[in-house]
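Trainee: What would the 3D arrangement of this be:
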Amino acid sequence: MMLFKIAFRNILRNARRSLMTASAIAVGAIAMILFGEYIAFIMVGLETSAVMNGGHLTVYHKGYFDFGSGNPSAYSIGDYQTIIRLIENDPELKPEVTVVTPTVTLFGIAGNFTIDASKTFFGTGFVPSDRVKMWKWDEYGIMRNRILPDIGLRDDDENHGTVGIGLARVLGLCKPLKIANCPSPPMTKRSSLTDVPAPDVNLAELAARDRGAAQSAPVDTVPRIDLLAATAEGAPNVVSFFVNKARNMGYKEVDDNYVGMNLKLAQQLLYGRGEHKAVSIEIQLHRSEDMAKARARLDALFAKHGLDLEVHDFKELQPQYNQIVGFMSAIFTFISVIMGVIVLFTIVNTMSMSVMERTNEIGTARAMGVRRSGIRRQFLIEGWMIGVLGATAGVILAALIANWFNHLGITYTPPGQANPVPLVVLTQGVGTLLFSVWFGLVAMATIAALFPANRAARMLVVDALRHV
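Mentor: Next up is the predicted model:
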């Protein structure tokens, strides 16, 4: 205890220099903590977005992950309702599961034949009520102040849905959907090509022939397009699709091709009169930490019942997640190294000056019987104490700055998002980050003090006593 009292008094002997050194450590701590909390917010934001839109785990027919994206009908899951009930009623999975819902993905051609426009599309069929429930997932509490967009679909309305703004623009739906800043297509003169053979299938005639049950929909108020796709048997199939709204999907390539529709309509388009299957089954859990456990249970459950299914998590289905996390982690490591070097040289400089100023004291202490280890320990404690004071002040100030920053209401539009979101730093669940930064800076300050401490301990008593 006496060594700590002496160390604290030695720090106060040159309070200005000690304050500047501790301030440098505090600034480093603030920078590392705030950036670390921002990275933590980015990570949980990416995870929340992925889980909201696709769940934690997705069940596919074996082979779909590698080969099924080009031919989803060939890798579909038959009797999917039985599989869903198997998952929902499993005693181990039931307490962990929030939503288990089927989805269908397909590709085709969307046409608005009133203006003779068509565009390839990729569609997603889902149960609207299940998707709305999935959008409410907020394990980390970052969605409290956000207003979720209108999904634009209902369970009892099979023929209505949404499209991307880019697709709506190409198909001439800007005016009917009242889309702002949506230019009209320029008038182009149709070229006459006499040598081009006539198409095998007249899409407009096929659409008019297969409209059928959709004629009763309010076509005077809701714009209608026709969706063409090949069924599982290879036959062309067309359904009428009424567009309730257009959504900005964040990415242009998605925005120009997206169609969101009711599951039943997607099944009708992809499977025709055949068995209506599901391309995948999405599973959302209450907590992300149960993902590995739930996946292992699903694998065991499918193996037990002889089901030819495979399970993938959202990190596998969205490889950009791990790429972004790795990139942000690399930046944080780089900043941490820079801050560590600054602390190292600051402490070395401060303690070296302290050793020079106290050379006579070191000689006197050595002449009175203090061992070299005692001298070394004294300066190490001083370095450690400066590190503790600076790091502790940095942690406290970082918490105050973070809370102040989160109340400023700053927004930005991150990659892959269509609407601005709050720019905040994560202040909950970051105890490991705070301790790591505090411990790292204190350890760096102690290690940095070791160099001048060794120099002081190796001084010869006679030279130290006659030092001027």
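Trainee: CA-only coordinates of stretch 294-305 in CSV, if you can.
Mentor: Listed next in CSV are the C-alpha coordinates belonging to stretch 294-305 (Å, rounded to 0.1, in the frame of the first residue of the first chain):
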residue,chain,number,x,y,z
ALA,A,294,-31.5,-25.1,-33.3
ARG,A,295,-29.6,-26.0,-36.5
ALA,A,296,-28.2,-29.1,-34.9
ARG,A,297,-31.7,-30.1,-33.7
LEU,A,298,-33.1,-29.6,-37.2
ASP,A,299,-30.4,-31.8,-38.8
ALA,A,300,-31.1,-34.5,-36.3
LEU,A,301,-34.8,-34.2,-36.8
PHE,A,302,-34.6,-34.5,-40.6
ALA,A,303,-32.2,-37.4,-40.4
LYS,A,304,-34.5,-39.2,-38.0
HIS,A,305,-37.5,-38.9,-40.3
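Trainee: So which bits of it are buried?
Mentor: Burial within stretch 294-305, assessed by neighbour count using 16 or more other CB atoms under 10 Å, is assigned to 294-295, 297-298, 301-302. Backbone N, C-alpha and C define where each C-beta goes, glycine included.
Trainee: any low-confidence regions in this protein?
Mentor: Across the chain, the stretches falling below the confidence threshold (pLDDT under 70) are 144-146, 184-220, 414-419, 464, 467-468.
Trainee: Mark out where each domain of it begins and ends.
Mentor: With domains defined by automatic domain parsing, the chain comprises 2-46+322-465, 63-307.
Trainee: nearest to residue 316, of these?
Mentor: When the domains of the chain are compared for distance to residue 316 using CB to CB, the nearest one is domain 63-307, at 7.7 Å.
Trainee: Tell me which other helices or strands the host helix or strand of residue 378 touches.
Mentor: Using DSSP states H and E, residue 378 sits within helix 372-406. In terms of contact count using 3 or more CB pairs under 8 Å, 6 or more residues apart in numbering; DSSP states H and E, helix 372-406 is assigned the packing partners helix 2-13, helix 15-54, helix 319-357, helix 359-367, helix 431-457.
Trainee: Swap in 6 Å and give it another go.
Mentor: Here helix 372-406 is seen to pack against helix 2-13, helix 15-54, helix 319-357, helix 431-457 when contacts are counted using 3 or more CB pairs under 6 Å, 6 or more residues apart in numbering; DSSP states H and E.
Trainee: Next secondary structure after it?
Mentor: Using DSSP H and E, the helix or strand that follows helix 372-406 in sequence is strand 411-412.
Trainee: ok, back up a step: let me know which of the helices and strands packed on helix 372-406 is the nearest to residue 149.
Mentor: With CB to CB as the criterion, residue 149 lies closest to helix 15-54 of the helices and strands packed on helix 372-406, at 11.4 Å.
Trainee: Could you check how far the closest one is from the centre of its chain?
Mentor: Taking CA atoms, centre = their mean, to the nearest Å, the mean C-alpha location of helix 15-54 is offset from the chain mean by 17 Å.
Trainee: In PDB, could you pull the C-alpha coordinates for stretch 453-461?
Mentor: Listed in PDB are the C-alpha atoms of stretch 453-461, where the atom choice follows Å, rounded to 0.1, in the frame of the first residue of the first chain:
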ATOM      1  CA  ALA A 453      11.800   1.500 -15.000                       C
ATOM      2  CA  ASN A 454      14.500  -0.900 -16.100                       C
ATOM      3  CA  ARG A 455      16.800   2.000 -16.900                       C
ATOM      4  CA  ALA A 456      16.200   3.400 -13.400                       C
ATOM      5  CA  ALA A 457      16.800   0.000 -11.800                       C
ATOM      6  CA  ARG A 458      20.100  -0.500 -13.600                       C
ATOM      7  CA  MET A 459      21.600   2.800 -12.500                       C
ATOM      8  CA  LEU A 460      24.800   2.600 -10.500                       C
ATOM      9  CA  VAL A 461      24.400   4.000  -7.000                       C
END
